[in-house]
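> based on what follows, work out the 3D shape:
(one chain, ligands or ions: 1)
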Amino acid sequence: MLIGFMNNPNNELLKEIELAGEFESDFLELTIEYPKSLPSLVIASKKEINDLLSTYSLGLVSHAAWFLFPASPYDSIRNASLKEAEKIIEAAAKINAKQVTFHSDPMPFVYKREQREILVSRTIDAIDHMNSFAKNLGLTFCIENYNAASFGFADFQRLFSEVDCKMTLDVGHCHIPQIDNRYLADYLGEFKDRIIHVHAHDNNGEKDEHLGIGNGGIDWKKSLKLLKKQYDGTITVEDHSSNRKQFLLSKKALEELWEKA
Ligand SMILES: [Zn+2]
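Below is the predicted model:
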């Protein structure tokens with residue numbers, strides 16, 4: 001199991017990579033997003049990024065901005081979102097990231113219940129497009145469980161029967177019934193062969209709080225036992241606490257829990 005650190009896109013990117021190195025994480029999950037990690041900025045700092053990654057022996061995966069609109073009912077907005085997605089994937093490929101994770105559309109409520117089929121079809125079409133684009137550049141495309149209203153368990157089943165892409169399993173998101181309608185065991189059981197990356201953060205089961213590991217209500221002992229049975233890959237701590245040193249506590253907790261799981 002490898003533990004990763006995610007940059008805060010509001011901070012200077014190179015300083016964030018130094019932080020990942022100083023915190024002795026195994027890899028960086030570079031989120032390529034507004035304002036300080038835009039694709040153009042990542043490409044402009046390509047050499048410095050790769051130098052820092054090698055100085056600290058950090059592996060690299062990437063994450064896209066979560067506020068793109070790949071299923072927007074407005075074609076011009078959807079097309080612009082896909083263009084931005086392509087820029088993110090190109091930037092990730094330029095710095096030799098192995099994989100890139102995307103979320104589903106963040107505004108499912110613009111569709112009425114009876115239009116859900118349209119939302120899901122547009123999402124699957126968008127994923128198909130981004131997945132092919134990533135594959136052509138040598139990157140593995142992952143879609144993350146994020147919000148069942150936008151793209152839920154049954155939608156993932158349909159997606160994987162139509163598109164050959166992978167999945168990032170977010171342990172925090174499937175602990176919030178209002179956000180997701182299935183639990184960790186369901187995802188692990190059903191999508192075993194698709195899950196190639198994991199996000200870990202805590203919450204109290206109501207809001208997507210992105211707390212440090214052990215600071216919310218997730219039963220990590222049980223969750224990691226389930227996960228470890230079939231997974232031994234990269235886990236990014238998506239702890240969004242303002243105190244960045246909280247990452248160290250989360251990392252330690254995760255290592256100890258994993259050891260005993
Ligand atoms: Zn996540």
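> list the contacts of the residue in the stretch 1-150 of the chain positioned nearest to the ion.
Using CB to the ion, the closest approach of the stretch 1-150 of the chain to the ion is made by residue 144 at 5.4 Å. From N, CA and C alone the C-beta is placed, and that goes for glycine too. Counting by CB atoms under 8 Å, 6 or more residues apart in numbering, residue 144 makes contact with 101-104, 167-170, 173, 199.
> of the residues you listed, which is the most crowded?
Counting neighbours by other CB atoms under 10 Å, the top entry in the contacts of residue 144 is residue 104, with 28 neighbours.
> enumerate every residue touching that residue.
Here residue 104 is in contact with 70-71, 123, 143-144, 146-147, 150-151 (CB under 8 Å, 6+ apart).
> same thing with residue 221?
For residue 221, the contacting residues are 257, 260-261, by CB under 8 Å, 6+ apart.
> the closest residue to the ion within the chain sits in which helix or strand?
Nearest residue of the chain to the ion: residue 199, at 3.4 Å (CB to the ion). Assigned by DSSP states H and E, residue 199 belongs to strand 195-200.
> next secondary structure after that strand?
Following strand 195-200 in sequence order, the next helix or strand is helix 220-228 (DSSP H and E).
> continuing past that following helix, what's the next helix or strand?
For helix 220-228, the succeeding helix or strand toward the C-terminus, using DSSP H and E, is strand 234-237.
> hmm, that next one touching the ion?
No. If you take CB under 5 Å from the ion as the test, strand 234-237 misses the ion, and the best it gets is 7.5 Å.
> give the pairing partners of that strand; include direction for each.
In its sheet, strand 234-237 lies beside strand 2-6 (parallel), strand 195-200 (parallel), with partners assigned from DSSP bridges.
> which residues does the shortest one contact?
Residues external to strand 2-6 that are found in contact with it (CB under 8 Å, 6+ apart): 19-20, 23, 25-31, 59, 61, 63, 233-238, 247, 251, 254-255.
> list buried residues within these.
19-20, 23, 25-31, 61, 63, 234-238, 247, 251, 254 (16 or more other CB atoms under 10 Å).
> in strands, which of those appear?
27-31, 61, 63, 234-237 (DSSP state E).
> any chance of CSV for these, columns distance to residue 39 and pLDDT?
Listed next are these as CSV, based on distance: CB to CB, whole Å; pLDDT from 0 to 100:
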residue, distance to residue 39, pLDDT
27, 20, 98
28, 16, 98
29, 16, 98
30, 11, 98
31, 11, 98
61, 16, 98
63, 13, 98
234, 22, 98
235, 25, 98
236, 20, 98
237, 24, 98
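> please list the residues of the protein that sit near the ion.
170, 199, 238.
> how close does the nearest residue to the last one once chain neighbours are set aside get to residue 176?
In space, not counting the residues next to it along the chain, residue 238 is nearest to residue 201; the distance is 4.2 Å by CB to CB, 6 or more residues apart in numbering. Counting by CB to CB, to the nearest Å, the gap from residue 201 to residue 176 is 11 Å.
> if you count what's nearby, which of those two comes out ahead?
Just comparing residue 201 and residue 176: by other CB under 10 Å the higher neighbour count belongs to residue 201, 26 against 20.
> thinking again about what came up before, neighbouring contacts of the strand holding residue 199?
61, 99, 101, 140, 142, 144, 166-173, 187-188, 213, 227, 231, 233-238, 250, 254.
> just to revisit the earlier point, looking at the ones in strands among the buried ones among the contacts of strand 2-6, which is nearest residue 89?
Residue 89 lies nearest to residue 63 out of these, by CB to CB, at 11.5 Å.
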